[in-house]
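[1] Give me the fold of what follows.
(one chain, ligands or ions: 3)
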Amino acid sequence: MAQESKPALGWAARDASGLLSPYSFSRRVQKEDDVTIRVLFCGICHTDLHVAKNEWGNAMYPIVPGHEIVGVVTGVGRGVRGFKAGDRVGVGSFVGSCRACESCVKGYENNCPALLLTCNGVDCDGATTQGGFADVLVVNQDYVLRVPEGLPPAGAAPLLCAGVTGYSPMVQYGLNAPGMLLGVVGLGGLGHMAVKFGKAFGMTVTVISSSPRKRAEAVERLGADNFLVRHDAEEMKAAAGTMDGIIDTVSAGHQLLPLLELLKPMGQMVLVGVPTEPMVLPASAIVTGGKRLAGSGVGSVRDCQAMLDFAGEHGIAADVEVVKMEYVNTAMERLERNDVRYRFVIDVAGSIGCAAV
Ligand code: NAP
Ligand code: ZN
Ligand code: ZN
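    Ligands and ions are numbered 1, 2, ... in the order given. Next up, the predicted model:
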């Protein structure tokens with residue numbers, strides 16, 4: 001059992017260029033209720049890009065990004081129940097919460113005002129949290145997830161953020177009933193997972209994309225039922241008033257009005273993408289037809305574990321391009337250019353995870 005702070009090797013962004021380079025640091029001493037994890041794979045979420053480039057204005061450099069983590073337990077504190085060395089586990093966007101606020105008490109700790117993010121957060125000891133683009137991680141047991149053994153570990157990593165971010169609002173807003181018509185806006189990491197979960201729930205899924213070149217893959221490979229090009233006014237008009245719900249995953253500023261027009265009366269649209277730019281909402285777009293516009297941030301630990309178990313039962317994993325850590329800057333650049341099908345995942349253990357832990 002580890003008694004001392006553990007040396008860690010990761011890759012960090014140092015400034016708003018977002019360029020990553022090797023970075024040595026240490027993980028906190030494993031406490032009684034902590035799990036020590038050797039990182040195997042870590043997905044690259046668009047949030048990592050927003051944060052590394054300080055697009056949200058809250059970057060605390062150096063930043064080791066990464067919050068779609070799959071690894072193996074290498075040590076546990078004396079108070080840990082439910083995890084042991086050798087277990088395959090996951091860690092998502094957050095590694096702590098206050099445990100006392102209304103959201104925490106009700107089991108929606110993802111909405112806790114004091115949510116401790118996996119990277120670029122401030123831990124109770126004042127240290128900045130560092131994410132999964134690193135060989136080792138120490139996390140409180142309550143924020144560690146069990147990853148079904150039947151899923152490929154690289155393909156499972158994006159479930160920890162992209163997966164739960166689509167799954168949770170479907171479940172929480174009742175957009176998971178068989179036969180419903182669901183729209184998914186933006187076919188990237190989050191979007192392609194939302195399509196897979198939507199289909200697994202038995203819904204009719206329409207992808208609404210700005211990239212006509214993704215049409216064939218969306219329908220033939222991912223199983224979407226329909227595909228709309230967002231700037232094709234004819235296609236959008238023909239689909240007006242047809243959808244029960246929409247999950248909007250777009251990472252850049254865009255028009256809400258044409259999307260809200262796709263909803264049936266009393267339909268719901270949930271924003272999960274976080275563009276830097278404010279978006280324009282004409283009140284009449286939701287007043288007429290009694291529509292609802294909501295937001296959703298990842299998902300609770302409970303939702304995340306339910307999502308992983310559901311993914312295990314249905315064989316749902318992300319479509320990934322596995323890369324070495326040395327490729328991370330190119331991968332980030334390609335992600336920014338919308339050039340990935342549909343998630344980069346870093347083979348951390350195969351790149352920098354050789355240190356014994
Ligand atoms: P991603 O893989 O880059 O996908 C974003 C998609 O948005 C792209 O595939 C593209 O889809 C569309 N898009 C990108 N740039 C665009 C532009 N300039 N104009 C129009 N469409 C554009 O990103 P991701 O990892 O899925 O993340 C998406 C967003 O969700 C990010 O803002 C991220 O920070 C946020 N996020 C939120 C949560 C949460 O808890 N709510 C969790 C994770 C991530 P098409 O080519 O199909 O149009
Ligand atoms: Zn994410
Ligand atoms: Zn709380």
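[2] Alongside ligand 2, which residues does the stretch 201-350 of the chain contribute?
    On the criterion Cβ under 5 Å from the ion, ligand 2 has no neighbours in the stretch 201-350 of the chain. (Glycine included, C-beta is placed from N, CA and C.)
[3] near ligand 1, which residues of the stretch 201-350 of the chain show up?
    209-211, 214, 249-252, 254, 272-274, 296-298, 335, 338 (Cβ under 6 Å from any ligand atom).
[4] Inside strands: which ones of those?
    Judged by DSSP state E, those include S209 as members of strands.
[5] And for Y143, the neighbour number?
    For Y143, the count of nearby residues is 19 (other Cβ atoms under 10 Å).
[6] related to what we said a few turns ago, can you say which of the residues of the stretch 201-350 of the chain next to ligand 1 are buried?
    S209, K214, T249, V250, S251, H254, V272, G273, S296, V298, L335, N338 (16 or more other Cβ atoms under 10 Å).
[7] Identify the farthest-apart pair in the residues you listed.
    K214 and V298 (24.4 Å; Cβ to Cβ).
[8] Just to be sure, D303 is in a strand?
    No - D303 is assigned helix when assessed by DSSP: H, G, I helix; E, B strand; the rest coil, not a strand.
[9] Not including adjacent chain positions, what is the nearest residue to it?
    S168 (4.4 Å; Cβ to Cβ, 6 or more residues apart in numbering).
[10] Next: I63.
    Per Cβ to Cβ, 6+ apart, closest to I63 is A13, 4.8 Å.
[11] Return the set of buried residues in stretch 84-104.
    87-97, 101, 103-104.
[12] Just the CA coordinates for it, please, in PDB.
    C-alpha atoms of stretch 84-104 as PDB (Å, rounded to 0.1, in the frame of the first residue of the first chain):
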ATOM      1  CA  LYS A  84      -9.100  -4.200  -5.200                       C
ATOM      2  CA  ALA A  85      -5.800  -4.400  -7.000                       C
ATOM      3  CA  GLY A  86      -6.300  -5.700 -10.600                       C
ATOM      4  CA  ASP A  87      -9.900  -4.300 -11.000                       C
ATOM      5  CA  ARG A  88     -10.600  -2.500 -14.300                       C
ATOM      6  CA  VAL A  89     -12.000   1.000 -13.400                       C
ATOM      7  CA  GLY A  90     -12.900   4.300 -14.800                       C
ATOM      8  CA  VAL A  91     -12.700   8.000 -13.800                       C
ATOM      9  CA  GLY A  92     -14.700  10.700 -15.500                       C
ATOM     10  CA  SER A  93     -15.000  14.500 -15.300                       C
ATOM     11  CA  PHE A  94     -15.000  14.900 -11.500                       C
ATOM     12  CA  VAL A  95     -13.300  13.400  -8.500                       C
ATOM     13  CA  GLY A  96     -15.000  15.100  -5.600                       C
ATOM     14  CA  SER A  97     -18.000  17.100  -4.500                       C
ATOM     15  CA  CYS A  98     -19.200  18.600  -1.200                       C
ATOM     16  CA  ARG A  99     -21.400  15.700  -0.200                       C
ATOM     17  CA  ALA A 100     -23.700  18.100   1.800                       C
ATOM     18  CA  CYS A 101     -25.600  20.300  -0.700                       C
ATOM     19  CA  GLU A 102     -29.000  19.400  -2.000                       C
ATOM     20  CA  SER A 103     -27.600  18.100  -5.200                       C
ATOM     21  CA  CYS A 104     -25.100  15.800  -3.500                       C
END
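[13] How about it and ligand 1, any contact?
    No - residues of stretch 84-104 are not located near ligand 1 by Cβ under 6 Å from any ligand atom, the shortest gap being 6.6 Å.
[14] does ligand 2 sit close to that stretch?
    No - counting by Cβ under 5 Å from the ion, no contacts exist between stretch 84-104 and ligand 2, the nearest distance being 5.7 Å.
[15] do that stretch and ligand 3 meet?
    Yes - using Cβ under 5 Å from the ion, stretch 84-104 reaches ligand 3 at S97, C98, C101, C104.
[16] The first one is in contact with C104, isn't it?
    Going back to what we said before, that points to S97. Yes - here S97 reaches C104: they are 5.2 Å apart, a contact under Cβ atoms under 8 Å.
[17] before we move on, back to that, can you list the residues of stretch 84-104 next to ligand 3 in a markdown table and add secondary structure and pLDDT?
    Shown next, in a markdown table, are the residues of stretch 84-104 next to ligand 3 (DSSP: H, G, I helix; E, B strand; the rest coil; pLDDT from 0 to 100):
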| residue | secondary structure | pLDDT |
| --- | --- | --- |
| S97 | coil | 97 |
| C98 | coil | 96 |
| C101 | coil | 98 |
| C104 | helix | 98 |
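[18] Understood, closing this out.
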